[in-house]
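>>> 3D, please:
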Amino acid sequence: MDLDLPVWFEIGSLVVLTLILVADLLLILKRPHIPSTRESTLWVVFYVTLALIFAGLMWVFAGGEFAGQFVAGWLTEYSLSIDNLFVFVLIMSQFAVPRRYQQEVLMVGIIIALILRGLFILAGAAIIEQFSWVFYIFGAFLVWTAWRQAFPGGDHDSDVKQESFIVRLLRRTIDISDHYDGAKIRTVVNGKKMFTPMIIVFAAIGVTDLLFAIDSIPAIFGITQSPFIVFTANLFALMGLRQLYFLLGDLLDRLRYLHYGIAFILAFIGVKLVFHAMHVNELPFINGGEHIEWAPEISTWMSLGVIIVAMTVATIASLVASRKEAKAADVAAGAADDGLGAEPAAEAAAESVAQEKGTPASVEQPPAHDAR
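From the prediction side, this is the model:
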């Protein structure tokens with residue numbers, strides 16, 4: 001069953017969403033600032049509500065099945081985008097990006113991500129249209145990605161280290177100043193025009209977006225083969241990501257089990273893709289080139305349920321573990337006050353979550369006079 005939406009709805013949706021993104025970008029450029037918790041919350045709620053309204057319109061114009069595909073795809077991409085934030089924290093910390101200019105960096109990163117994912121979606125849709133056996137490859141890749149996510153070795157630190165080649169290349173080929181000049185990419189030092197370190201940050205963000213696009217696009221094609229749903233789900237997942245970065249703040253360091261939830265989702269979708277490939281099998285060396293009828297087709301609604309349960313369990317488990325460690329830190333701090341010499345234990349408990357995810361503490365709040 002192919003998605004059949006009115007052309008005006010598809011074009012109108014993309015135009016409206018593009019205008020919202022442009023307005024968001026102009027707002028940042030006109031008034032660079034550190035968003036408050038209230039402001040970030042309102043923006044995140046706005047974008048989530050917008051996604052749910054869009055799902056409702058999909059239900060009206062295309063039916064419950066495609067609306068469910070959009071919601072499942074959006075939640076999958078949203079969870080993977082939250083995982084992006086851990087790497088963004090590392091990049092901001094590694095390159096000491098001033099906090100009041102981090103909004104511009106994140107917005108540029110989101111635009112780069114949209115362009116890259118758009119290209120991947122077009123390529124993926126064309127490949128799937130011609131070669132149904134590619135689902136075997138997508139499925140195997142997602143299972144391998146799930147294993148890497150659950151047992152990461154170097155975890156997110158390795159993602160940042162992969163960008164060192166790009167950074168070294170930029171430093172060798174162009175002149176880069178030692179200090180930022182606001183959010184500018186170009187500056188003048190001693191009468192000489194140079195790039196600021198912001199160009200390196202943008203390059204690092206772009207490489208990160210590319211790595212995550214390689215993981216996320218096969219995942220959503222495991223839920224729907226409609227390019228329109230795939231792109232809009234990615235668009236809604238990236239919208240509001242900037243505000244979510246500031247809203248979550250220290251909570252990022254507490255989501256220590258998030259990567260297990262994401263790994264479970266990726267593994268589930270990978271298995272679903274393999275089953276789908278078996279169901280539509282045309283490879284001559286598998287079952288004589290015939291479809292494997294006993295291979296189950298996992299429904300969209302089951303996928304949606306698995307995604308919601310996985311992320312809920314991972315989030316709750318993370319917060320419960322964080323609360324227990326906070327209590328242990330308080331007890332250790334109390335013991336230290338009593339002269340029992342437990343200060344090292346308190347510090348270890350306080351930093352354990354950040355070490356678990358391989359991330360530094362969230363970017364510190366600026367001095368009061370800079371918060372404007």
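>>> in this protein, which spans are helices?
Under the criterion DSSP state H, the chain carries helices at the ranges 7-30, 37-62, 64-94, 102-130, 134-150, 156-161, 164-173, 198-221, 227-238, 241-248, 251-254, 258-279, 300-337, 343-357.
>>> of all the ones you listed, which one is nearest residue 180?
Residue 180 lies closest, by CB to CB, to one member of those: helix 198-221, at 6.3 Å. C-beta: built from backbone N, CA, C; applies to glycine.
>>> tell me which strands and helices the closest one is in contact with?
The criterion is 3 or more CB pairs under 8 Å, 6 or more residues apart in numbering; DSSP states H and E, and the helices and strands that helix 198-221 contacts are helix 64-94, helix 102-130, helix 134-150, helix 156-161, helix 164-173, helix 227-238, helix 258-279.
>>> I'd say residue 174 and residue 197 touch.
No - the pair formed by residue 174 and residue 197 falls short of the contact definition of CB atoms under 8 Å, at 11.6 Å.
>>> comparing those two, which residue is more hemmed in?
residue 197 (20 against 11; other CB atoms under 10 Å).
>>> any idea which residue is closest to the centre of this protein?
Within the chain, one residue has its C-alpha closest to the average C-alpha position: by CA atoms, centre = their mean, that is residue 81, at 1.3 Å.
>>> not counting sequence-adjacent ones, nearest residue to it?
On the basis of CB to CB, 6 or more residues apart in numbering, the spatially nearest residue to residue 81 that is not a chain neighbour turns out to be residue 237, at 4.8 Å.
>>> residues near the one you found, how many?
The local packing count at residue 237 equals 26, with neighbours defined by other CB under 10 Å.
>>> picking that back up, what residues are up against the residue nearest to the centre of the chain?
Counting by CB atoms under 8 Å, 6 or more residues apart in numbering, residue 81 makes contact with 212, 216, 237, 238, 241.
>>> let's see 10 Å
Residues in contact with residue 81 (CB atoms under 10 Å, 6 or more residues apart in numbering) are 110, 113, 212, 216, 234, 236, 237, 238, 239, 240, 241, 244.
>>> residue 142 too?
Residue 142 sits in contact with 149, 215-216, 218-219, 221-222, 265-274, where contact means CB under 10 Å, 6+ apart.
>>> can you tell me the closest non-neighbouring residue to it?
Leaving aside its chain neighbours, residue 142 sits nearest to residue 270 (3.2 Å; criterion: CB to CB, 6+ apart).
>>> my read is that that neighbour contacts residue 138, right?
Yes - with the criterion set as CB atoms under 10 Å, residue 270 and residue 138 qualify as a contacting pair; they are 7.6 Å apart.
>>> overlap in contacts of those two?
Taking CB under 10 Å, 6+ apart as the criterion, residue 270 and residue 138 both touch 218, 219, 222.
>>> and the end-to-end length of stretch 287-299?
Stretch 287-299 stretches 24 Å from its first residue to its last (CA to CA, to the nearest Å).
>>> in this structure residue 21 contacts residue 114, no?
Yes - in terms of CB under 10 Å, residue 21 counts as a neighbour of residue 114; the distance is 8.0 Å.
>>> mind listing the shared neighbours of those two?
Here residue 21 and residue 114 share the contacting residues 235, 238, 239, scored by CB under 10 Å, 6+ apart.
>>> run a quick neighbour tally on the nearest residue to residue 138 once chain neighbours are set aside.
Taking CB to CB, 6+ apart, and ignoring the residues beside it in sequence, residue 138 has residue 218 as its nearest neighbour in space, at 4.2 Å. By the criterion of other CB under 10 Å, residue 218 has 24 neighbours.
>>> can you read off the pLDDT for residue 218?
What the model reports for residue 218 is a pLDDT of 83.
>>> then residue 139?
Reported pLDDT at residue 139 in the predicted model: 84.
>>> test my guess that it contacts residue 271.
Yes - Residue 139 is in contact with residue 271 according to CB under 10 Å; the separation is 6.8 Å.
>>> contacting residues around residue 68?
Applying CB under 10 Å, 6+ apart to residue 68 gives the contacts 55, 58, 59, 223, 224, 299, 300, 301, 302, 303, 304.
>>> overlap in contacts, residue 139 and residue 271.
Between them, residue 139 and residue 271 share the contacting residues residue 222, judged by CB under 10 Å, 6+ apart.
>>> more neighbours, these two?
For residue 139 versus residue 271, the count of surrounding residues by other CB under 10 Å is larger for residue 139: 23 against 17.
>>> contacting residues for residue 308?
Taking CB under 10 Å, 6+ apart as the definition, contacts of residue 308 comprise 71, 72, 75, 79, 265.
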